[in-house]
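Chemist: no sequence for this one, just the structure:
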């Protein structure tokens, strides 16, 4: 099975193509351009390098949040377009779970931390089960970095651009913690693809007409409008 996976939930754009669980192509793009200018050319390049046509793809996988409002809209719009054009199935992946997959399997609790802007972060906790599969503990949240709390006895490994940005604040409030390296702070599309295949096997597919991004909070534009009206 061929899977085309991509992520636009943060300031980077990531694209990957997998054959079953084998990664054929995996790229991460971090340039000062709008995601709408980068994503489709990146997908074209992935297909060119692997000599695979979009029409040959069996499954599409994309992060659907939380993350950048504009980035998520671009990713979701592209995903819906591909679904409608090819009539192939698609799955939506948690940005925070894909980020947690940057960490190798261990007994530690993993806390994904994405920069949410306005001094806040998106967080979620994960752990590997006995089968080695990643499982989420609790729900996605948006919090202030100083308010990140946990009562786990195991060491907690924080990963993501939010963990790197607010490392000093997290270190002041937490004991028994570690922050992953800066090289692990961004989502890899290959992780999106691996999680996507797992969802496909569980028949957790998206409906192109009804699925929406997971924002967790109102868009900045709505907040500014409300302030202006008041």
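Modeler: Okay, I see it. Predicted model, so just to flag it, every value in this text is computed and none were measured.

Chemist: so residue 76, which of the three states?
Modeler: helix (DSSP: H, G, I helix; E, B strand; the rest coil).

Chemist: what about it, how many neighbours?
Modeler: 21 (other Cβ atoms under 10 Å). In short, each C-beta sits where N, CA and C put it, glycine included.

Chemist: Test my guess that it contacts residue 210.
Modeler: No - if you go by Cβ atoms under 8 Å, residue 76 and residue 210 don't touch, sitting 11.9 Å apart.

Chemist: got the domain boundaries for this protein?
Modeler: 2-96+187-229, 103-184 (automatic domain parsing).

Chemist: buried set for stretch 121-139?
Modeler: Across stretch 121-139, burial judged by 16 or more other Cβ atoms under 10 Å covers 121, 122, 123, 124, 125, 126, 127, 128, 134, 136.

Chemist: Sorry, slip of the keys, the one I care about is stretch 27-43.
Modeler: 27, 28, 35, 38, 39, 42, 43.

Chemist: Stretch 65-75 too?
Modeler: 65, 66, 67, 68, 69, 71, 72, 73, 74, 75.

Chemist: what does stretch 192-208 give?
Modeler: In stretch 192-208, counting by 16+ other Cβ under 10 Å, buried: 192, 193, 194, 195, 196, 197, 198, 199, 200, 206.

Chemist: Could you pull up the contacting residues of the fifth one?
Modeler: The contact partners of residue 196, by Cβ atoms under 8 Å, 6 or more residues apart in numbering, come to 3, 5, 59, 60, 61, 91, 93.

Chemist: in which helix or strand would I find the residue lying closest to it once chain neighbours are set aside?
Modeler: Excluding the flanking residues, the one nearest residue 196 by Cβ to Cβ, 6 or more residues apart in numbering is residue 61, at 2.7 Å. Take DSSP states H and E as the rule and residue 61 turns out to sit in strand 59-65.

Chemist: List the strands paired with that strand, with their directions.
Modeler: strand 2-7 (parallel), strand 90-94 (parallel) (DSSP bridges).

Chemist: that older thread, and the buried residues of stretch 27-43, which is closest to residue 116?
Modeler: residue 35 (17.0 Å; Cβ to Cβ).

Chemist: Wait, the closest one touches residue 74, no?
Modeler: Yes - between residue 35 and residue 74 a contact is recorded at 4.6 Å, counting by Cβ under 8 Å.

Chemist: Quickly list what's touching both of those two.
Modeler: With Cβ under 8 Å, 6+ apart as the test, residue 35 and residue 74 both reach residue 8.
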